[in-house]
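Asks: Okay, predicted coordinates and the sequence, questions at the end:
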Amino acid sequence: MRVLGIETSCDECAAAIVEDGRHIRANVVATQMDLHARYGGVVPEVASRAHLRTVIPVIQTALEQAGLGMDGIDAVAATYGPGLAGALLVGLNAAKAFAYARDLPFIGVNHLEGHIYANWLRQDGQPAEDPELPALCLVVSGGHTDLILMETHGDYRRLGRTRDDAAGEAFDKVARLLGLGYPGGPVIERIAAGAPRGDVRLPRAWLPGTADFSFSGLKTAVLHMTRDLDRPGDAQIAGAFQDSVVDVLAEKTARAAREHGVRQVLLAGGVAANGALRAEVIKRSPVPVRYPPPQLCTDNAAMIAGCAFFHLDRGERGDVSLDVQPNLRFV
């Protein structure tokens, strides 16, 4: 089954075609990073207008890369939440229009579930086997940080979540404090890799007795450190910040994996592209760790198409009356 997936939840306009939930036939992403960099973050109205200009060409490019016409598509899927309302509307309405015009099954996909299913996608050099379930999923993206127990397809239980800033938000805000630009994750990782730590150490919010996370206090500690020490852009501070985030994420993930007896740990979301996080989770986890390649950690449509296949495989069918849900919960 070939599924056309469309993703426009934030500042990436993406279309992909995935076969049987695993094999990527095409994966096209039009990024707006340069468009929003001048503002230090995503401007919703700007993102929505850019999606309107881009969504049809992106879909056409995906079909061309796959060597297919719409007659070669068996179903259509799109993200319907969570995300920016205006941005979501563009991709969702495009997908519903294609499905309705071609009389194809349509599936609305939760963006966070899509990130998890990036672990089922296969490219050259990727493992041929599906992830083993039950699995513990650490979903770390710009707006979300969650620990999800995935018993089987469609059966999830949230074990922990962030109580304030998500890890990705914290990276962006700290990068802004340090004058490093947007987006914050890649530049902090690059600077931290070669930075001596010295005596710079930042706090960890362990929240004992829970699997929850908190990063707002860490962000505030960076703010005070840059002000008190007059050290904007300091590589030691960037490194200490990343160490703190990685320490908490890796340790809480390892504890939950042991407690719930999972067979694998799955990393998902944009922050899962961080090499220091991957290495530390692998080091501490009691079970094998799996994660997508970096280009499938950030927002893309292949993960949406892949996820939709498993909904369709369970006999689910969506409704073209579906509307966007910007604050959609996962579990």
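Replies: Okay, I see it.
Asks: okay, now Gly143: neighbour count?
Replies: When neighbours are defined as other CB atoms under 10 Å, Gly143 has 19 of them. For every residue, glycine as well, the C-beta is placed using N, CA and C.
Asks: Just confirm it contacts Phe171, I think it does.
Replies: No - at 11.9 Å, Gly143 does not count as touching Phe171 under the criterion of CB atoms under 8 Å.
Asks: so Glu12 bridges to which residues?
Replies: Under DSSP bridges, the beta-bridge partners of Glu12 are Thr31.
Asks: count of neighbours near it?
Replies: Using other CB under 10 Å: Glu12 sits among 22 other residues.
Asks: Show me where the protein has its helices.
Replies: 33-37, 44-66, 85-102, 111-117, 167-177, 184-193, 216-229, 235-260, 275-284, 294-297, 302-313 (DSSP state H).
Asks: would you turn the ones you listed into a markdown table with mean pLDDT?
Replies: Rendered in a markdown table, the data for these read as follows (pLDDT from 0 to 100):
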| stretch | mean pLDDT |
| --- | --- |
| helix 33-37 | 74 |
| helix 44-66 | 94 |
| helix 85-102 | 97 |
| helix 111-117 | 98 |
| helix 167-177 | 93 |
| helix 184-193 | 93 |
| helix 216-229 | 88 |
| helix 235-260 | 96 |
| helix 275-284 | 98 |
| helix 294-297 | 95 |
| helix 302-313 | 98 |
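Asks: Of those, which is nearest Thr152?
Replies: When the helices of the chain are compared by CB to CB, helix 302-313 sits nearest Thr152, at 10.2 Å.
Asks: The closest one vs helix 44-66, what angle?
Replies: 70 degrees (axes from the mean of the first three to the mean of the last three CA atoms, to 10 degrees).
Asks: out of everything not next to it in sequence, what's closest to Phe106?
Replies: Ala99 (3.7 Å; CB to CB, 6 or more residues apart in numbering).
Asks: ok, now how distant is the one you found from Arg255?
Replies: Ala99 sits 43 Å away from Arg255, going by CB to CB, to the nearest Å.
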